[in-house]
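Trainee: model this:
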Amino acid sequence: MNHMLKTSLAIWLIATLTLLAACGGAVNNNKESAAPTVAPSASPSAETGAAYPLTVTDGMDTKLTFEQAPEKIVTLVPSETEVVFAVGAGKQVVGVDQYSNYPEEANDIEKIGDMTTNIEAVVKLNPDLVLASSSMNGDAIAKLRELNIPVFASDPKTYGETIAHIESVGQILNRVKDAETVAGHMRDVMNQVMNAVKDAPAKKVYLEFSPGYTAGSGTFLDELLTMAGGTNVAGSKEGWYEVSAEEIVKQNPEIIIYPDMKVKPNPIVAAMDSRAGWNVIDAVKNKQVIAVAEDPLVRVGPRLADGLLDLAKAVHPDLVK
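Mentor: Next up, the predicted model:
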């Protein structure tokens with residue numbers, strides 16, 4: 001697997017329970033994260049609803065207290081970068097990971113590493129808040145906390161947990177109203193999609209977001225597909241796992257969905273084209289092999305709503321516009 005493909009797949013796996021490392025199997029080396037909580041210790045401000053001192057408990061059960069809204073923020077994964085910008089605090093971001101490419105302004109912010117965080121670079125920026133993924137940044141989180149740098153770690157596993165995380169970040173950053181707007185939009189999209197497809201028969205769908213690998217039950221992609229009016233043909237197993245071409249042929253999905261990856265030619269398409277017997281699948285025969293935008297579906301942040309909408313349009317194009 002070439003370096004660019006590893007990079008693209010790594011971005012996808014940032015917010016999931018498992019990691020596909022160099023085409024290996026699914027791995028989960030981190031304990032499950034709890035839902036973050038926010039406990040304000042003072043009266044909220046009239047303008048934003050935030051309150052300081054503010055005590056929060058992150059997804060690793062670590063308590064942090066903020067005397068005021070953080071002014072210098074470092075994000076270790078793209079989803080956290082997107083969350084901070086979405087709630088209107090982008091100007092406070094002083095460092096991001098190499099893969100943070102949205103919004104456009106993130107490209108101009110100092111880089112503090114790729115999947116391996118450059119601890120010295122983070123320390124040099126002297127942040128008063130680091131936002132991290134507990135499932136992807138475990139080593140960096142431990143090292144930064146040893147240096148008394150405040151780290152708020154999370155690992156949203158569902159659409160609802162993603163919304164709750166955005167609201168928590170909004171509280172910490174004194175951007176409550178902005179976070180409520182983002183959360184409201186995400187709920188509106190979810191309701192729009194679910195209402196549109198509620199009376200339609202569920203369609204059999206196969207998801208392939210890495211060559212030969214699929215999303216089983218218990219993954220956020222499985223949840224999104226169900227919301228979008230689809231039935232996951234790989235849902236008999238849990239988590240991200242390698243699946244055989246023979247099994248997918250046997251399941252005979254009506255629709256196959258894959259990400260329009262940045263790597264060209266798309267390795268998923270190349271893998272599909274090489275599989276014996278693939279042409280007998282209904283989705284292939286009926287030209288229902290559909291590409292969707294990659295990042296909105298694989299980053300557990302505000303654009304997950306766009307990903308849900310893309311899935312719904314692919315599964316029920318007659319019902320979701």
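Trainee: What is the neighbour count of Val151?
Mentor: 25 (other Cβ atoms under 10 Å). Glycine gets a C-beta too; all of them are placed from N, C-alpha and C.
Trainee: wait, it sits on Ala142?
Mentor: No - contact criterion Cβ atoms under 8 Å: Val151 and Ala142 do not qualify, at 9.1 Å.
Trainee: And the closest residue in space to Gln288 that isn't next to it in sequence, what's its pLDDT?
Mentor: Distances taken as Cβ to Cβ, 6 or more residues apart in numbering place Ile255 nearest to Gln288, at 4.7 Å, with adjacent residues excluded. Per-residue confidence for Ile255 comes out at a pLDDT of 99.
Trainee: in the sheet, who's paired with Ile255?
Mentor: Val205 (DSSP bridges).
Trainee: Okay, it and His316: tell me how far apart.
Mentor: Relative to His316, Ile255 is positioned 10 Å away (Cβ to Cβ, to the nearest Å).
Trainee: list residues touching both of these two?
Mentor: Common contact partners of Ile255 and His316 (Cβ atoms under 8 Å, 6 or more residues apart in numbering): Lys203.
Trainee: Leu131 looks like it's in a strand, true?
Mentor: Yes - applying DSSP: H, G, I helix; E, B strand; the rest coil, one finds Leu131 inside a strand.
Trainee: Who's the closest spatial neighbour of Asp306, skipping the chain neighbours?
Mentor: Nearest non-adjacent residue to Asp306, counting by Cβ to Cβ, 6+ apart: Pro296, 4.0 Å away.
Trainee: State the three-state secondary structure for Ala153.
Mentor: strand.
Trainee: any idea how far it lies from Pro265?
Mentor: 37 Å.
Trainee: Between the two, tell me which one has more neighbours.
Mentor: Ala153 (28 against 9).
Trainee: which residues does Ala215 bridge with?
Mentor: Bridge pairing for Ala215 (DSSP bridges) gives the partners Trp240.
Trainee: Now do the same contact list for it.
Mentor: Ala215 touches Leu207, Phe209, Leu221, Asp222, Leu225, Asn232, Ala234, Trp240, counting by Cβ under 8 Å, 6+ apart.
Trainee: and if we set it to 10 Å?
Mentor: 16, 18, 206-209, 221-225, 232, 234-235, 237-241, 243 (Cβ atoms under 10 Å, 6 or more residues apart in numbering).
Trainee: Averaged pLDDT, stretch 259-269. What do you get?
Mentor: What stretch 259-269 shows for mean pLDDT is 88.
Trainee: Now that stretch: buried residues?
Mentor: By 16 or more other Cβ atoms under 10 Å, the buried positions in stretch 259-269 come out as Pro259, Met261, Val263, Asn266, Pro267, Ile268, Val269.
Trainee: Do you have the helices of the protein handy? List them.
Mentor: 3-12, 78-86, 119-125, 138-146, 159-172, 176-197, 220-227, 245-251, 267-273, 282-285, 295-298, 304-315 (DSSP state H).
Trainee: So Asp164 sits against Pro156, correct?
Mentor: In this structure residue 164 is Ala, not Asp. Yes - shown here, Ala164 and Pro156 form a contact pair, counting by Cβ atoms under 10 Å, at 7.5 Å.
Trainee: Quick check: which ranges of the protein have low pLDDT?
Mentor: Applying pLDDT under 70 to the chain picks out residues 1-50.
Trainee: How is it divided into domains?
Mentor: 35-187, 199-315 (automatic domain parsing).
Trainee: Tabulate those (JSON lines), appending distance to Lys321.
Mentor: JSON lines is the format used below for those (distance: least, Cβ to Cβ, whole Å):
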{"stretch": "domain 35-187", "distance to Lys321": "17"}
{"stretch": "domain 199-315", "distance to Lys321": "7"}
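Trainee: Val193 is nearest to which of these?
Mentor: With distances scored as Cβ to Cβ, the stretch of those nearest to Val193 is domain 199-315 (4.5 Å).
Trainee: what sits against Val233?
Mentor: Going by Cβ under 10 Å, 6+ apart, Val233 touches 204-207, 214, 225, 243, 247-248, 250-256, 283.
Trainee: ugh, wrong one, I meant Ile268
Mentor: By Cβ under 10 Å, 6+ apart, the contact set of Ile268 is 5, 208-213, 256, 258-261, 291.
Trainee: Show me what counts as buried in stretch 111-121.
Mentor: Neighbour-count burial for stretch 111-121, counted by 16+ other Cβ under 10 Å, picks out Ile112, Gly113, Met115, Thr117, Asn118, Ile119.
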